[in-house]
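>>> turn this into a model:
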Amino acid sequence: MARSIVNDSDRFSLLKRAEPIVVLVFTLLSASIVSGQPQEATPPAATQSSPSSQAPSAPQRYDLAKCIDYALKNNNRSKISHDSIEMALAVQKQAASSWWPQVSGGVVGTRMNTNPDFLFPASSVAMPASQFSVPATTITLPANSFGPGFPPVPVPITIPPQTVNVPAQTVAIPQQDVKLMNRDNLVGSLDAMFPLYTGGVRGSRIKQAKFGLQVANEESRRTDLEVVYDVKRLYYAVVLAGQLVQIGNDSLARMETTLNLTEQFYKTGSGKVKKTDYLRTKSITESLRSVVEDLESRKQIMQAALITVMGMDWNSKIELADSEVPFAPRDCDPQELVEIAYKSNPEIARVEAAVGAAEAGITVAHSGHIPKVGLFGSAHHVWDSYDAGVVTPNNKDNWTVGIGVDIPIFEGFRVTNEEREARANLQKLQNQLALLRQGIALEVQNSYQDLVKTQKQQASTHEALQAAVEDRELNVRAYQEELVETRDVIEAQLMEALFSSQYQKVLYDHVEALAKLDLVLGQAASN
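Numbering: from 1, shown residues only. Model prediction:
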């Protein structure tokens with residue numbers, strides 16, 4: 001007769017502890033999954049009616065790779081991160097626009113209440129006394145000037161020199177109203193400006209935008225890795241839930257068989273099986289039935305969480321292609337894993353890009369001390385039918401070109417402190433990078449230890465499960481012959497359920513450790 005590994009005095013207490021172990025294991029598992037589930041910044045599911053996110057009413061079969069691919073295309077976190085890349089790309093192009101001339105044009109039409117004019121006020125001009133001399137001159141009087149025959153011949157006349165005196169006088173100038181232009185006019189302008197030298201601002205701004213795009217790309221990659229990690233974790237959580245439900249149903253079926261056999265022994269047996277044995281078996285059977293219902297409910301919750309992370313509508317139905325949690329041991333060197341994480345982890349790459357942007361920011365701040373040189377030009381044309389005043393044909397078309405120099409002299413120490421702030425920001429980011437590298441190394445070591453632990457636990461729990469299965473089979477056969485007590489067979493069946501659930505939990509922990517390690521390393525999760 002098979003005997004339990006515990007003594008008789010501990011059997012009853014072990015039996016009471018083992019009864020709820022299946023649901024306890026799954027409860028702890030589901031709690032860890034739900035607490036780590038990413039918060040989706042999405043509108044209510046009813047508003048997500050795009051064709052790409054609508055799933056057909058009939059369940060579709062999804063394997064892990066298909067779930068991951070669907071999630072990367074439809075998960076809202078991935079969409080938001082891709083939008084951030086578009087924003088960063090636009091910022092980079094904005095910075096690059098500083099290499100092009102800035103040209104602007106405009107047309108302004110105006111109507112004034114009256115024609116603008118210029119009023120010259122009345123004035124007077126005082127002229128002093130003066131004199132001028134008239135030299136001697138000779139004029140010839142032509143013949144017949146006064147009539148026929150008079151004079152009969154040309155007569156020369158000599159005018160002697162003389163002096164003319166002009167007295168002092170005042171000349172009055174009346175008020176004059178001069179029209180400048182018409183009340184209605186149209187002015188067109190074209191302006192251009194091109195910076196020749198900016199003291200390093202232009203190139204540094206472009207570098208900052210480039211590093212900003214790199215930051216956005218790394219954040220998007222990190223988001224995609226997190227989505228892959230969440231999908232894989234929830235995918236196998238649903239598979240594990242199915243396994244636990246199956247374990248619960250199998251245990252329930254065996255307990256129901258034991259209950260029927262106990263009832264038969266109680267009513268028709270030799271008296272070894274008492275009514276208390278029957279009642280205890282019945283209470284455990286019904287309790288196990290409740291556990292199975294709870295496990296089924298939690299499986300649906302996990303599947304709903306998976307659907308949400310994939311970006312599907314809340315009422316979508318899917319069917320998973322896998323029914324068992326796989327076990328694929330991986331041999332790896334922790335030192336090598338840390339080096340891979342330093343090169344591939346998106347968080348490290350993001351902070352390194354931020355360091356590069358901060359270095360360019362120092363140049364931008366320092367440029368406040370440096371003169372700037374720019375080339376500018378403008379052209380104007382006035383449409384006005386009036387051709388006098390200030391809108392003469394010469395003034396209606398004009399252009400200007402020139403070179404301007406902006407020389408900073410004193411800014412109240414503002415630029416000095418801006419440069420100081422930029423250098424402090426760079427130092428802060430460099431320290432954050434060093435701290436992050438330490439944290440990543442620690443995460444890699446933790447994930448590695450979890451991986452090693454689960455790979456060792458798989459062998460030991462598998463051996464324990466095989467022993468529990470054999471112990472249950474022996475106890476069932478012995479109980480049919482009334483060679484063992486009722487509590488022995490109940491204990492054996494619950495212990496098999498316990499070790500089966502523990503074994504499945506170890507398999508899940510191993511898969512999760514692999515997924516976590518891939519996430520920390522910054523690599524695509526392996527299926």
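>>> can you tell me the SS state at V511?
Secondary structure, DSSP: H, G, I helix; E, B strand; the rest coil: V511 is helix.
>>> if you could redo that for S133, that was the one I meant.
strand.
>>> identify the bridge partners of it.
With DSSP bridges as the criterion, the beta-bridge partners of S133 are T163.
>>> got the phi/psi numbers for the closest residue to P371 other than its chain neighbours?
Leaving aside its sequence neighbours, P371 sits nearest to I407 (CB to CB, 6 or more residues apart in numbering; 4.6 Å). From N, CA and C alone the C-beta is placed, and that goes for glycine too. I407 adopts backbone torsions of phi -110, psi 110, taken as degrees, to the nearest 10.
>>> measure I407 to R423 for me?
The span separating I407 from R423 equals 24 Å under the rule CB to CB, to the nearest Å.
>>> looking only at neighbour counts, state which of those two leads.
Remark: of I407 and R423, R423 carries more neighbours, 16 against 8, as counted by other CB atoms under 10 Å.
>>> any stretches of the stretch 201-350 of the chain with poor pLDDT?
Along the stretch 201-350 of the chain, the parts satisfying pLDDT under 70 run over 269-271.
>>> same check, this time on the stretch 51-200 of the chain
Low-confidence segments of the stretch 51-200 of the chain, defined by pLDDT under 70, span residues 51-58.
>>> let's go with 80 and repeat that
For the stretch 51-200 of the chain, residues meeting the criterion pLDDT under 80 lie at 51-59, 120, 132, 134, 141, 143-153, 155, 157, 164, 166.
>>> can you pull the buried residues of the helix or strand containing I68?
In this structure, I68 sits in helix 64-74 according to DSSP states H and E. Buried residues in helix 64-74, counting neighbours by 16 or more other CB atoms under 10 Å, are found at 64, 67-68, 70-72, 74.
>>> before we move on, what about stretch 252-269?
Along stretch 252-269, these residues count as buried under the neighbour rule (16+ other CB under 10 Å): 252, 254-255, 258-259, 261-263, 265-266.
>>> distance to P121 and secondary structure added to those, as JSON lines?
As requested, the buried residues of stretch 252-269 are exported to JSON lines (distance: CB to CB, whole Å; DSSP: H, G, I helix; E, B strand; the rest coil):
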{"residue": "L252", "distance to P121": "115", "secondary structure": "helix"}
{"residue": "R254", "distance to P121": "121", "secondary structure": "helix"}
{"residue": "M255", "distance to P121": "119", "secondary structure": "helix"}
{"residue": "T258", "distance to P121": "125", "secondary structure": "helix"}
{"residue": "L259", "distance to P121": "124", "secondary structure": "helix"}
{"residue": "L261", "distance to P121": "129", "secondary structure": "helix"}
{"residue": "T262", "distance to P121": "128", "secondary structure": "helix"}
{"residue": "E263", "distance to P121": "129", "secondary structure": "helix"}
{"residue": "F265", "distance to P121": "134", "secondary structure": "helix"}
{"residue": "Y266", "distance to P121": "132", "secondary structure": "helix"}
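>>> closest to T363 out of the residues you listed?
Of all the buried residues of stretch 252-269, the one sitting nearest T363 is L252; the distance, using CB to CB, is 71.9 Å.
>>> touching, the closest one and L288? I think so.
Yes - when contacts are counted by CB atoms under 8 Å, L252 is listed as touching L288 (5.1 Å).
>>> show me what the helix or strand K299 falls within is packed up against.
Under the criterion of DSSP H and E, K299 resides in helix 275-310. Using 3 or more CB pairs under 8 Å, 6 or more residues apart in numbering; DSSP states H and E as the contact criterion, the secondary-structure elements in contact with helix 275-310 are helix 21-35, helix 64-74, helix 201-268, strand 318-320, helix 486-521.
>>> so which of these comes closest to K396?
Closest approach to K396 among the helices and strands packed on helix 275-310 (CB to CB): helix 201-268, 37.0 Å.
>>> follow-up on the earlier one: mind checking how far the residue nearest to P371 is from Y508?
I407 is 69 Å from Y508, by CB to CB.
>>> what do you get for D63?
As judged by CB to CB, D63 and Y508 stand 17 Å apart.
>>> the two: who's more crowded?
When neighbours are counted by other CB under 10 Å, D63 and Y508 differ, and Y508 comes out ahead with 23 against 13.
>>> grab the nearest non-local neighbour of that one.
Taking CB to CB, 6+ apart, and ignoring the residues beside it in sequence, Y508 has L240 as its nearest neighbour in space, at 4.6 Å.
>>> likewise for N165?
Excluding its sequence neighbours, the residue lying closest to N165 (CB to CB, 6+ apart) is Q131, at 4.5 Å.
>>> tell me how many other residues crowd that neighbour.
Burial of Q131 is recorded as 9 neighbouring residues (other CB under 10 Å).
>>> now do the SS call for N113.
At N113 the chain is in coil, as set by three-state DSSP.
>>> how about it, what does it touch?
Counting by CB atoms under 8 Å, 6 or more residues apart in numbering, N113 touches R183.
>>> distance-wise, check it relative to M127.
According to CB to CB, N113 stands 41 Å off from M127.
>>> just K505 next, same as before
In this view, K505 and M127 are 120 Å apart by CB to CB.
>>> who has more neighbours out of those two?
Just comparing K505 and M127: by other CB under 10 Å the higher neighbour count belongs to K505, 21 against 12.
>>> closest to V171 among the buried residues of helix 64-74?
Comparing the buried residues of helix 64-74 against V171 with CB to CB picks out N74 as the nearest, at 93.9 Å.
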